[in-house]
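Novice: predicted coordinates and the sequence they were generated for:
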Amino acid sequence: MDKICKEYLNNHDVDAIGVGIIDFDSKDFISKTYQKHDGVIVDNSKIYFDLASLTKVLTNGFFYLDHIKQMDSKDRLLIEHRAGLPAWGLLSKNSWRDEIFSYPISESQTLYSDYSALRFMLEVEKKLGCNFKEEVSKFYDCELKFWKELDILDETLQNGYEKGLPNFSKVHDPNARNINEFTSHAGLFATVDGLCKTLLKAEDELNFINTLQANITDNRFVLGWDRVENPQKSTAGVGCSDSTFGHLGFTGTSVWIDPRLRKCILILSNTTKHFWHDRYDLNNFRKKLGEIAWTQKKLSLDSYFY
């Protein structure tokens, strides 16, 4: 992994890559964050990455499982992107709620939808009379934060541009930035360690691995999480089982969890520093690291990174 990460950094317009491996049986993890600084690659475990759509499983996914007895069929359609809502559109700060509520909910074919993710948040807040952010934040490590709560000393990376200037510290997603408040589709930042600790805590308190396994159907998504439908072609990497689930993020992030192996690999980067359209190299990079993660038996820094 060490060689693969350094080669990718040197050959691409990316500032940093973070990799974490979680062993859920031992409740432990290992991690390493590589940063390209003045042409030299250094370790820096305190970088906060824009998690992009990984936010969806850390918000909607956690909320659903925490309140599973209060969820109904409509909630499940929304969280699994089968509710017939549009995939995306540019929302405004003043009218976004009205627009999201304007679409009827009806069972449909899977269409990955930020609107569906936002509608789920609004629906459950209304139904349960709760503060969505407070409900999900209880699972978060101190190094996993909503973007507006990043400290001035928290180091972030460039992801795109805002008003012609490099975008630092602000969420990359335009709707999350326009809305300018907590949203369930995008907006969380984390260090690699912070994300690993959050997933371990959530598994301990929600038992989400077994619950997701029990709810798998023929649909692509299960309770908000994406699934590996073809282990030979998935960005999760060869070696995982067909019950593996996770999620990708637009900024170059990913999380994959194999229930059979009880292991997770997460990869964080800022591949949207300048561009966003070329995913071929990024996906091959994800696959290479994933294959190593699934085939290694021993959870030690040396066994993965050297």
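Specialist: Sure thing, it's come through.

Novice: burial count for residue 119?
Specialist: Residue 119 has 25 neighbouring residues, counting by other C-beta atoms under 10 Å. Where C-beta positions appear, they are placed from N, C-alpha and C, glycine not excepted.

Novice: same question for residue 163.
Specialist: 5.

Novice: against residue 179, how distant is it?
Specialist: 17 Å (C-beta to C-beta, to the nearest Å).

Novice: pLDDT weak spots in the stretch 151-300 of the chain?
Specialist: For the stretch 151-300 of the chain, the stretches flagged by pLDDT under 70 are 277, 300.

Novice: can you pull out the strands in it?
Specialist: Under the criterion DSSP state E, counting those that start in this stretch, strands of the stretch 151-300 of the chain are mapped to 155-156, 161-162, 165-166, 188-190, 226-227, 245-249, 253-258, 263-269.

Novice: packing partners of the longest strand anywhere in the chain?
Specialist: Criterion DSSP state E: the longest strand present in the chain is strand 28-37. Applying 3 or more C-beta pairs under 8 Å, 6 or more residues apart in numbering; DSSP states H and E, we find strand 28-37 packed against helix 2-11, strand 16-23, strand 40-43, helix 192-206, helix 301-305.

Novice: what is the mean pLDDT for it?
Specialist: Mean pLDDT, strand 28-37: 95.

Novice: walk me through which strands that strand pairs with, and which way each runs.
Specialist: Within its sheet, and counting by DSSP bridges, strand 28-37 is paired with strand 16-23 (antiparallel), strand 40-43 (antiparallel).

Novice: got CSV for those strands, with mean pLDDT too?
Specialist: Output for the strands paired with strand 28-37, formatted as CSV (pLDDT from 0 to 100):
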stretch, mean pLDDT
strand 16-23, 97
strand 40-43, 96
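
Novice: which of those sits most buried?
Specialist: Stretch with highest mean neighbour count among those: strand 16-23 (a mean of 24; mean count of other C-beta atoms under 10 Å).

Novice: with just CA atoms, put it into PDB.
Specialist: Extracted C-alpha coordinates of strand 16-23, given in PDB (Å, rounded to 0.1, in the frame of the first residue of the first chain):
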ATOM      1  CA  ALA A  16      -3.100  13.900   0.300                       C
ATOM      2  CA  ILE A  17      -4.400  10.300   0.600                       C
ATOM      3  CA  GLY A  18      -5.600   8.700   3.800                       C
ATOM      4  CA  VAL A  19      -6.100   5.000   4.200                       C
ATOM      5  CA  GLY A  20      -7.700   3.100   7.100                       C
ATOM      6  CA  ILE A  21      -8.200  -0.600   7.800                       C
ATOM      7  CA  ILE A  22     -10.700  -1.600  10.500                       C
ATOM      8  CA  ASP A  23     -10.900  -5.100  12.100                       C
END
